[in-house]
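# here is a sequence with its predicted model. Questions after.
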Amino acid sequence: MKAAVTGPKLPRGRNRELVLEALRRADRPLGAYELLRQLSAEGLRSPLQVYRALDQLVADGAVHKIESLSTYALCADASCGAERHAVFVICTRCGSASETHDRALDRLLQRLARRQRFRTASTTVEISGLCESCADG
């Protein structure tokens, strides 16, 4: 018998599934109100419904909040839920965001936190600038 693959918890509940699927279909991070507009035909009528689903998906490690944009992105790495660190490269022109991970950066951030006698629960680094397409255009 094969061992189960671990990663972010699967969403439970219709609202979480709808939000997760909308983020899967998106080509960029989405804000809560944009998700609400997209999912209103599915029965989501209140921002609170979307925010609750997003909060749980973030807690489960399936979704990241990109603070600088007030948007949410589907987690691109199954180990994120356990490791709780990510780096986002965000284009300020087209809004694209890509997720990457760097163990050396994670170790550096942990070391800096320890110097301040601080225990991190998660770390998200956001790098903003222009993607290759926008920089060439």
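Nice, I can see it. Numbers count the residues shown, from 1 in each chain.
# residue boundaries of the strands in the chain?
63-66, 71-74, 85-91, 97-100, 123-129 (DSSP state E).
# now render these as CSV, adding mean pLDDT, distance to residue 54 and mean neighbour count.
C-beta: built from backbone N, CA, C; applies to glycine. Putting the strands of the chain into CSV (pLDDT from 0 to 100; distance: least, Cβ to Cβ, whole Å; neighbours: other Cβ atoms under 10 Å) gives the following:
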stretch, mean pLDDT, distance to residue 54, mean neighbour count
strand 63-66, 92, 6, 21
strand 71-74, 93, 6, 22
strand 85-91, 91, 16, 19
strand 97-100, 92, 16, 16
strand 123-129, 92, 15, 14
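# would CSV of those with distance to residue 56 be doable?
Listed next are these as CSV, based on distance: least, Cβ to Cβ, whole Å:
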stretch, distance to residue 56
strand 63-66, 9
strand 71-74, 12
strand 85-91, 18
strand 97-100, 19
strand 123-129, 18
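# who wins for proximity to residue 23 among those?
Nearest of the strands of the chain to residue 23, taken as Cβ to Cβ: strand 71-74 at 4.4 Å.
# any idea how far residue 110 is from residue 116?
Distance, residue 116 to residue 110, using Cβ to Cβ, to the nearest Å: 11 Å.
# residues near the closest residue to residue 38 other than its chain neighbours, how many?
Using Cβ to Cβ, 6 or more residues apart in numbering and skipping residues adjacent in sequence, the residue nearest residue 38 is residue 22, 5.3 Å away. By other Cβ atoms under 10 Å, the residues close to residue 22 number 21.
# going forward can the numbers begin at 43, since that is how I track them
Sure thing, new numbering starts at 43, so read that last one as residue 64.
# hmm, residue 64 is touching residue 77, no?
Yes - judged on Cβ atoms under 8 Å, residue 64 makes contact with residue 77 at a distance of 5.6 Å.
# quick one: pLDDT of residue 51?
On the pLDDT scale, residue 51 is placed at 50.
# show me the shaky parts of the chain.
Residue ranges of the chain with pLDDT under 70: 43-53, 120-126.
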